[in-house]
Each structure stands twice: as C-alpha cells, then as structure tokens.
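A.B. asks: give the three-dimensional model of this entry:
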Amino acid sequence: MAQTAREFFETLESRVDPVRAAGLSSSYLFEIEGAGTWLVDARGDGITVQEGGSGADCVIASSEETFERIVAGELSPTTAYMTGKLKVRGDMGAALKLQNLF
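C.D. replies: Now for the predicted structure:
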C-alpha cells in the first residue's frame with residue numbers, strides 16, 4: 001500500500017540512516033498540498049521532523065499525489081521538478097543533497 005505524506009513524515013526520523021544524514025546541514029520545509037506542512041531539520045548526525053514551521057533554507061512544494069508517487073519510487077524528483085509538479089524555492093544545492101537521504 002502506498003504511504004501517505006503524513007505517514008512518511010511521522011516515520012521519517014526513525015528511517016533515516018545517520019551516516020547518510022551526516023553530510024547535511026540544512027532545513028527543509030515540505031508544503032504538501034492537501035496533506036500539510038512539515039519542517040525537516042537535517043543538521044548533525046540525524047534529522048528532526050515537526051509538523052508546521054517556517055524559515056527553512058529550502059522549501060519544497062507539491063501535491064499530495066505527486067509526493068506519494070515520488071516516495072513510492074514511481075516518479076523521479078528530477079522529472080517532477082522539470083515538469084512543474086515539484087517546486088523548489090531557496091537553496092537548490094540543499095534540495096539536491098536530499099536525494100542522498102532517502
């Protein structure tokens with residue numbers, strides 16, 4: 001069964017590999033239309049996730065359907081971005097580093 005955006009963010013902290021998170025030093029605000037907003041802070045040897053929030057280095061926005069397809073591996077984040085289904089504001093370099101995390 002496909003994971004909802006809420007389920008993804010509620011379990012993200014426990015699923016992240018600390019070794020992969022070690023190279024990150026940014027915060028990300030995910031605005032998932034129809035699901036909610038989550039702030040993911042990736043600094044140090046892990047990440048923290050909180051619902052809501054603002055002031056992130058990078059803002060990533062998409063519909064819930066697009067986000068769930070990316071999480072399921074049915075749609076590449078690059079393709080989603082190039083076709084306008086995924087929008088990125090702020091630090092593009094930080095956004096690219098996210099691919100290492102998942």
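
A.B. asks: give me the most central residue, the chain.
C.D. replies: For the chain, the residue nearest the mean C-alpha position is F30 (5.7 Å; C-alpha atoms, centre = their mean).

A.B. asks: right, and the helix or strand after the helix or strand of the chain with the lowest mean pLDDT?
C.D. replies: Every helix and strand in the chain was compared by mean pLDDT, DSSP states H and E; the lowest is helix 18-21, with a mean of 79. Using DSSP states H and E, the helix or strand that follows helix 18-21 towards the C-terminus is strand 25-33.

A.B. asks: neighbouring strands for that following strand, and are they parallel or not?
C.D. replies: strand 36-43 (antiparallel), strand 58-63 (parallel) (DSSP bridges).

A.B. asks: need those strands in a markdown table with mean pLDDT, distance to A5 and mean neighbour count, can you?
C.D. replies: For every residue, glycine as well, the C-beta is placed using N, CA and C. Below are the strands paired with strand 25-33 laid out as a markdown table (pLDDT from 0 to 100; distance: least, C-beta to C-beta, whole Å; neighbours: other C-beta atoms under 10 Å):
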| stretch | mean pLDDT | distance to A5 | mean neighbour count |
| --- | --- | --- | --- |
| strand 36-43 | 92 | 7 | 19 |
| strand 58-63 | 97 | 9 | 20 |
